[in-house]
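In: Output the structure for:
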Amino acid sequence: MAPPLDDAEYWAAFEDSDDDEPLNYDDELGYTASARETFCKQGGNLEASVVKILELIKDEGLNLEIFLDAIFWGDSGCQANYTISHQRAVFMRSPTLVTVLDNWWHPPTRKDSGGGKPMEDFVLARAGELLEEDMDNVMTRFRPPQDMLSKERLTSVNFRLVGNELRTTHTPRLWSLLEQLACTRRQQKLNKHKNPFHVVLTIISMLSYSRSHDSCLLTVIWSIYLKACGLSARSFDALHALGFTMSHKWAANTFAKISMQESATTRQLIQARAHFGSHDNLNFPERVFSQRGHNMSRFISASAATIYILPKGAGLPPDIAQKVKEHRRQAFSEPFPLQALYEVDAANVRIKAHARYQILQFLLNSPAFTNYTHRNSNLLTSPPPTLLLQSGPDHIAEQWILETVEVDESSYDGTDKLCNDIWLTQMGLGSEDAKRRLGEESLLVWVGDQLTVDRIRGLTRYRYADPNSFSRMEWLEPVFGWFHALMAFANSLHTQYLGTSVGIGLRRAFETLGRKGLVKTETKGVFWHHLNEALWHVGEGNFLQLWATAGNVDHAADLVTCTPEELLAILDKLYEEHIVQRAQEDMDDLPEHKHDEVAWQMAMFSADLLGYFNLCEAMRLGDVGRMEDLLPTMLFRFAGGGNHKYAVEVLELLHKLRSEWPEELRTYIRTYCWLVNFSGKHDGFLAVDMAQEHNIKDIKVTWRSFGPGATLSYIQKVSPAIPVLRAVKANIASQFSSIQGRGTRHGTPEKAADIERMVAMFCGFQAHTVEEGRNIKGGESDHATDYVTLGATKLQVEGMVERWWSDRLFERATTEVWALPDRMDECTT
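Out: As a prediction, this is how the structure comes out:
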C-alpha cells in the first residue's frame, strides 16, 4: 500500500492539473446518470456485475483495497495514466462521493461494518485541518486596531455584524459546526426565541484569544465592560483563566490609559471648539484596614470638574472680552431697574398660559381621561414656548471630565487654586502665554452651585485692582446652576407650607401618603428627589379636586363627558376664583368674621405650586425663555423666604441679562450654559449643575473602587475615563435585550393610589369650598406666610437691593502688566 499522502497531495485531488485537456464534469455526471438509467432498463443485476468485477480484480492478482489505492493516486503510473486520472477526477466531483462517505460512516447494515475508529480518527484530523484554516482567518479579524481604546472604536463594535461576518466570510465551517453543537435537533425545531448566535461568537472569540493574546477584539470589549460594571478582581481573574476576559491588572491599567487619552482629547477639543465648565465639591471617606502613622483613615474634601464641548457652530465673537468689559463699565453707572420687576408685562401673560396648561394636563393625564374623545383638539394644545432650545443629534453637548483633585472648593483659597491654576493646567491653558491670551481675548463661562459662584465672585471683588485682566479674573464668568435653584425653590415651599399634622399643610399630606424623611429639609442624599415627587403628587391631587369643585361634580372623572369648550370654561373659573392673586385679594376684602383662612391659604398654595411645576417643565423641555420669565417670581420668593443668598444670585443674573452682558453673551449663556442635552431628545434637557452632580455620583459611587484600593489616586485615574465607560456600557446594553430590559434607573411605582389619597384628603376638609369665618386648625406654624408678596415688599422697603448694589460698586483696574520689570517706569499699561 502506498504511504499516506500529505495535505497538499490530498487536496490536489480536487484540481487534477496533470490532465492535458480540461474535463467537462457536467457531461460526465450526465453520462453517469444515463448509465444508471440504461443499466436499470436493461434489467441489469448490480450485485452480479459487482461480483464479476471483483472476480476480474482477483484474476489480476489484486483485491479491492489494492485496487482502490491504485485508483486514488496509487503509484506514479496510476497518477500519470489518463484513463485512471480522468475517472478519478470525475468521481471526486460527483455526488456519489458523498453517498459513499456517508455509507462508510453510517453503514446501512451492521454498524461494525463501517470505517470504525480509523474513520473517526480520519474525520477528526481532516476536520481539524479545515477548522484551523477558519481560525487562521479569525486571527487577523480579531486583532484590535492601535486606537482601540478610543471612545469611537470601543463603541463601534457591533457583535451582530462581527458574528455575521465570521459566519459568512471568515469561519463558515467552524460557525456551522458550533451552531450545530450549541442546540439539539429538538431545540432547533422548537426554539423560537433562544438563539446560540452569541454563544458561538463567544466561543470563537475565546479560541482566538487562546491561540494569540493579540487576537482579542471582543475580549477587550468584555473586559472594559465588566470592569465598568464593577466586577471584582477575583471574578476577573477567573474569567481571564477561562479566556473570556483580559486580566484584572490589564483592565486597571487600561482605565489609566483611557483617562490619559481622554485628557489629551479634551485639551485638543478645547483648542478647536466652544466650551464652558463647571465644578463642585466631592467628599468621601478613605478607610484603611490596618492603621499606621502614614496609613490612616481620613475624610477627603475634593473637587471635580467637567468641560462641556458645544456643538459645531456655537461660540462667541473674537472681541467678546472687550465687549464685556465695555458693558460692565456702562452697567456700573446705571442702577438696577428694580421697579421694572413689578410691572405686568408679556412675561406674566406667558406664565399664566403655561400655568393654565399645567392644570389642564393634570386632568387630561388622569386615568379617567385616557380615552378622552377630544384629546387632540386644537383647543387643548400647549401654549407656544417662549424660547425653546433646539434638540436632535446636531445639538448634543459632549462632556469631558477632568481629574479629581484634593482641593476644598468651599474656601476662597481652594477656589483660587482650582480656577486659576489646576483646572487651567488640565485644560492645556496653564502656560503664561495661554493665561495672557485668556485674560486679554477670551471669556470662559463657569457654572456651579451658589457657593461656587459666590466664591468666584468674591475673588473677583478681592482682586479688582490686580495688574492684569487674568489676575483680576475678568476672563471668568460665573453662572449659578438652575438645578440648585430648583432645589432651593422646593425647600422654600417645604418651609412655607410644612405645618403640623392637624393643619392643611405638607406635613399632613406626607403623613397621609406615608412618606418618610420629609419633615426636615436636607441638602444631601435623596431628600430633594423624595420632596419633588411628593410635591407633584400633592399638587396633582390638589388640582384634580379643584377641577371637581369648579365643575360642580363629585369627582374630576365625571368631567370626561365635557367638550373642550366646556373644559376651558371650567378652567377659567378654576383659575380666576381659586388661584390668581386677585382671588386672595377678594378674600382679604371680606370682613374679618367672614374670612376663610383655609380657602385663602389653598389659593396661595396652588399658585406657588404652579410656579414650581412651571420651572420643572421649562427645564425638562429646554424652554429657557420661560425660565427667564420666572426669575422675578423666584427673586420675590427667595427674598420673602429668607434665602438671601439665592435672592442675590437671581438679582445678579437679572442684572447681567438686562444690563451687563452684551447681546452675544446673553444669547450664548441662555442657549448653552443653563441646560445641556446629551440624548438629543426634545425632553432630554437637564441643568448643567445636575449633570455635574451625576458625574460626581459616578466618580464617588458608580466607578469608585471599594476596600483598600479605594484611594484618591484611583479616583483621579478613573475620572476622565467615565464618559467612555458610560458609552461602552450603553453600547453593550443596546445589543443585548436582556441587559437593555433592565433599564438605567429604578422603576417608578404606580402613583394612582397616592393621588386618590390626596384627592380624598383635600375633599375631606373642603379645601376649595369657601366657608365664611373658617379658621385653620393648629398653631401659628400652620398659617403659611405669603413669601412672594413679602419678598416683593422687602426688596423695596428693607434695602436689600441697595446693599447688594453697593457690594458691586468697585471699579476694576484697566492695567495690563504681565511681567515685573527692573524699573517701574518701564511698565506698560
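
In: So L725, which state does it fall into?
Out: Recorded secondary structure, L725: helix (DSSP: H, G, I helix; E, B strand; the rest coil).

In: Hmm, G230 and it touching each other?
Out: No: L725 is not in contact with G230 according to Cβ atoms under 8 Å; the separation is 10.7 Å. Backbone N, C-alpha and C define where each C-beta goes, glycine included.

In: Which one of those two is surrounded by more residues?
Out: Neighbours were counted for L725 and for G230 using other Cβ atoms under 10 Å; L725 has more, 22 against 12.

In: now what about stretch 783-800, what contacts it?
Out: By Cβ atoms under 8 Å, 6 or more residues apart in numbering, the residues outside stretch 783-800 that reach it are 338, 342, 492, 496-497, 499, 505, 584, 597, 601, 604-605, 608, 633, 635-641, 644, 647, 776, 801.

In: Now which of those would you call buried?
Out: 338, 492, 496-497, 499, 505, 584, 597, 601, 604-605, 608, 633, 635-641, 647, 776, 801 (16 or more other Cβ atoms under 10 Å).

In: among the residues you listed, which are in helices?
Out: Residues of the buried ones among the contacts of stretch 783-800 located in helices (DSSP state H): 492, 496-497, 584, 597, 601, 604-605, 608, 633, 635-640, 647, 801.

In: show me the contacts for the nearest residue in space to D608 that is not next to it in sequence.
Out: Spatially, and ignoring its direct neighbours in sequence, D608 is nearest to L493 (6.1 Å; Cβ to Cβ, 6 or more residues apart in numbering). Each residue near L493 by Cβ under 8 Å, 6+ apart is listed here: 506, 535, 608-609, 612.

In: now do A233
Out: H248.

In: That one and A252, how far apart?
Out: Distance, A233 to A252, using Cβ to Cβ, to the nearest Å: 9 Å.

In: can you check R666 too?
Out: Distance from R666 to A252, by Cβ to Cβ: 46 Å.

In: same question, V624
Out: Following Cβ to Cβ, the distance that separates V624 from A252 is 42 Å.

In: Over to I456?
Out: 36 Å.

In: And those two? Which one has more around it.
Out: I456 (22 against 17).

In: list the contacts for the more buried one?
Out: Contacts of I456 (Cβ under 8 Å, 6+ apart): 415, 419, 446, 448, 473, 476, 478.

In: Reformat those as a markdown table; add secondary structure, distance to M92 and pLDDT.
Out: Shown next, in a markdown table, are the contacts of I456 (DSSP: H, G, I helix; E, B strand; the rest coil; distance: Cβ to Cβ, whole Å; pLDDT from 0 to 100):
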| residue | secondary structure | distance to M92 | pLDDT |
| --- | --- | --- | --- |
| T415 | helix | 83 | 95 |
| C419 | helix | 80 | 95 |
| W446 | strand | 78 | 97 |
| G448 | strand | 79 | 95 |
| M473 | coil | 86 | 94 |
| L476 | strand | 82 | 95 |
| P478 | strand | 83 | 96 |
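
In: Scan the residues you listed and report the most crowded one.
Out: G448 (26 neighbours).

In: so that residue touches G277, yeah?
Out: No: if you go by Cβ under 8 Å, G448 and G277 don't touch, sitting 9.2 Å apart.

In: how about P311, what does it touch?
Out: 394-397.

In: Check which helices and strands the helix or strand harbouring K227 is in contact with.
Out: Using DSSP states H and E, K227 maps to helix 217-228. Other elements packing on helix 217-228 under the criterion 3 or more Cβ pairs under 8 Å, 6 or more residues apart in numbering; DSSP states H and E are helix 159-165, helix 197-211, helix 233-241, helix 248-272, helix 722-735.

In: can you give me the angle the fourth one makes with helix 722-735?
Out: Translated: helix 248-272. 110 degrees (axes from the mean of the first three to the mean of the last three Cα atoms, to 10 degrees).

In: Tell me which residues are up against helix 248-272.
Out: 149-151, 220, 223-224, 226-227, 233, 236-237, 240, 245-246, 275, 307, 309, 398, 400-403, 426-429, 717-721, 723-725.

In: which of those are buried?
Out: Buried subset of the contacts of helix 248-272 (neighbour count, 16+ other Cβ under 10 Å): 149-151, 220, 223-224, 226-227, 233, 236, 240, 245-246, 275, 307, 309, 398, 400-403, 426-429, 717-721, 723-725.

In: where exactly do the strands run in the stretch 301-450 of the chain?
Out: 398-401, 444-448 (DSSP state E, counting those that start in this stretch).

In: Next, the angle from the following helix or strand past the last one to strand 444-448.
Out: Moving toward the C-terminus from strand 444-448, the first helix or strand encountered (DSSP H and E) is helix 450-462. Taking the same axes, to 10 degrees, one finds that helix 450-462 is oriented at 140 degrees with respect to strand 444-448.

In: List the buried residues in helix 450-462.
Out: For helix 450-462, by 16+ other Cβ under 10 Å, it's 450-457, 459-460.

In: Stretch 343-351 now?
Out: 347, 350-351.

In: thinking again about what came up before, joint contacts of L725 and G230?
Out: Joint contacts of L725 and G230 (Cβ under 8 Å, 6+ apart) are W703.

In: which helices and strands sit right next to the helix or strand encompassing F762?
Out: Using DSSP H and E, F762 sits within helix 752-764. Counting contacts by 3+ Cβ pairs under 8 Å, 6+ apart, helix 752-764 is packed against helix 506-513, helix 527-550.

In: Mind giving me the packing neighbours of the longest one?
Out: Read that as helix 527-550. helix 346-364, helix 482-497, helix 506-513, helix 564-578, helix 597-621, helix 752-764.

In: As PDB, could you dump the C-alpha coordinates of that helix?
Out: Output of helix 527-550 as PDB, limited to C-alpha atoms (Å, rounded to 0.1, in the frame of the first residue of the first chain):
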ATOM      1  CA  PHE A 527     -34.200  64.400  50.100                       C
ATOM      2  CA  TRP A 528     -34.900  66.600  47.100                       C
ATOM      3  CA  HIS A 529     -35.900  63.600  44.900                       C
ATOM      4  CA  HIS A 530     -38.500  62.500  47.500                       C
ATOM      5  CA  LEU A 531     -39.700  66.000  48.100                       C
ATOM      6  CA  ASN A 532     -40.000  66.700  44.400                       C
ATOM      7  CA  GLU A 533     -42.100  63.500  43.900                       C
ATOM      8  CA  ALA A 534     -44.300  64.400  46.900                       C
ATOM      9  CA  LEU A 535     -44.900  68.000  45.700                       C
ATOM     10  CA  TRP A 536     -46.000  66.700  42.300                       C
ATOM     11  CA  HIS A 537     -48.300  64.100  43.800                       C
ATOM     12  CA  VAL A 538     -49.800  66.500  46.300                       C
ATOM     13  CA  GLY A 539     -50.200  69.100  43.600                       C
ATOM     14  CA  GLU A 540     -51.900  66.700  41.200                       C
ATOM     15  CA  GLY A 541     -54.400  65.600  43.900                       C
ATOM     16  CA  ASN A 542     -55.000  69.300  44.800                       C
ATOM     17  CA  PHE A 543     -55.700  70.300  41.200                       C
ATOM     18  CA  LEU A 544     -57.900  67.300  40.500                       C
ATOM     19  CA  GLN A 545     -60.000  68.200  43.400                       C
ATOM     20  CA  LEU A 546     -60.100  71.800  42.200                       C
ATOM     21  CA  TRP A 547     -61.500  70.500  38.900                       C
ATOM     22  CA  ALA A 548     -64.300  68.700  40.700                       C
ATOM     23  CA  THR A 549     -65.000  71.800  42.800                       C
ATOM     24  CA  ALA A 550     -65.000  74.300  39.900                       C
END
